[in-house]
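Trainee: Starting from these lines, generate the structure:
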Amino acid sequence: GAIFAVTITVEQNCTLSTVDTFARDHGGALYASSSLTFAGSTVQFNQSMSWGNGGAVAAGQVTSAQSTLTCEDVQATQGSGGAINASSVQLQEASSFSFRNTSARIHGGAVSADEFFLTASNC
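Mentor: Below you'll find the predicted structure:
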């Protein structure tokens, strides 16, 4: 993958974009063993793949506030969460997630999570 860290934060009008990334284990583009936070940002993952879980993202917790996440042509070839695999996914405060052409071999062609929260009325 492109980035591996315990905690990853993308905020304050930042743009993060990855193209053609691969991880042999988990998180084809990003792997955050603890948490991944998007706040006021634009994030795009294109053509990423993992052999394990999370074709684009693998994380303990994913939180998005006032952000846009787009995943296109991503896959978890042997695992779950074609785009995102996490223990918890929280969509807050005018965030949007868009998935196109995502797949997983086991669970969640787009998202595989133990908990998935939509916490604002305008999501």
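Trainee: And for Q78, the neighbour number?
Mentor: 12 (other Cβ atoms under 10 Å). Backbone N, C-alpha and C define where each C-beta goes, glycine included.
Trainee: Next, give phi and psi for it.
Mentor: Dihedral pair for Q78: phi -120, psi 0, per degrees, to the nearest 10.
Trainee: so it touches G55, yeah?
Mentor: No: using Cβ atoms under 8 Å, Q78 is not in contact with G55, being 10.6 Å away.
Trainee: Give the residues shared as contacts by these two.
Mentor: Listed as contacting both Q78 and G55 by Cβ atoms under 8 Å, 6 or more residues apart in numbering is no residue at all.
Trainee: On the pLDDT front, check the nearest residue to L36 once chain neighbours are set aside for me.
Mentor: Distances taken as Cβ to Cβ, 6 or more residues apart in numbering put A59 closest to L36, at 4.1 Å, once the chain neighbours are dropped. The model reports A59 with a pLDDT of 97.
Trainee: For A59, give the beta-bridge partners.
Mentor: A32, A86 (DSSP bridges).
Trainee: Count the neighbours of it for me.
Mentor: A59, neighbours per other Cβ under 10 Å, totals 28.
Trainee: Likewise for L16?
Mentor: For L16, using other Cβ under 10 Å, the count is 17.
Trainee: Please give the element, helix or strand, for it.
Mentor: strand 15-23 (DSSP states H and E).
Trainee: Note down every partner strand of that strand and its orientation.
Mentor: strand 42-50 (parallel).
Trainee: Distance from the chain centre to the partner strand, please.
Mentor: 8 Å (Cα atoms, centre = their mean, to the nearest Å).
Trainee: model confidence over it, on average?
Mentor: On average, strand 42-50 scores 96.
Trainee: hang on, isn't the residue nearest to L36 packed against F38?
Mentor: No: with contact defined as Cβ under 8 Å, A59 does not reach F38; the gap is 10.9 Å.
Trainee: just to revisit the earlier point, export the strand holding L16 to CSV, keeping only CA atoms.
Mentor: In CSV, the C-alpha atoms belonging to strand 15-23 read as follows (Å, rounded to 0.1, in the frame of the first residue of the first chain):
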residue,chain,number,x,y,z
THR,A,15,-6.8,16.2,-1.0
LEU,A,16,-5.3,12.6,-0.9
SER,A,17,-5.3,10.6,-4.1
THR,A,18,-3.8,7.2,-4.9
VAL,A,19,-3.7,5.4,-8.2
ASP,A,20,-2.6,1.8,-8.9
THR,A,21,-1.5,0.7,-5.4
PHE,A,22,-1.2,-2.8,-4.0
ALA,A,23,-0.7,-4.5,-0.7
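Trainee: Understood, closing this out.
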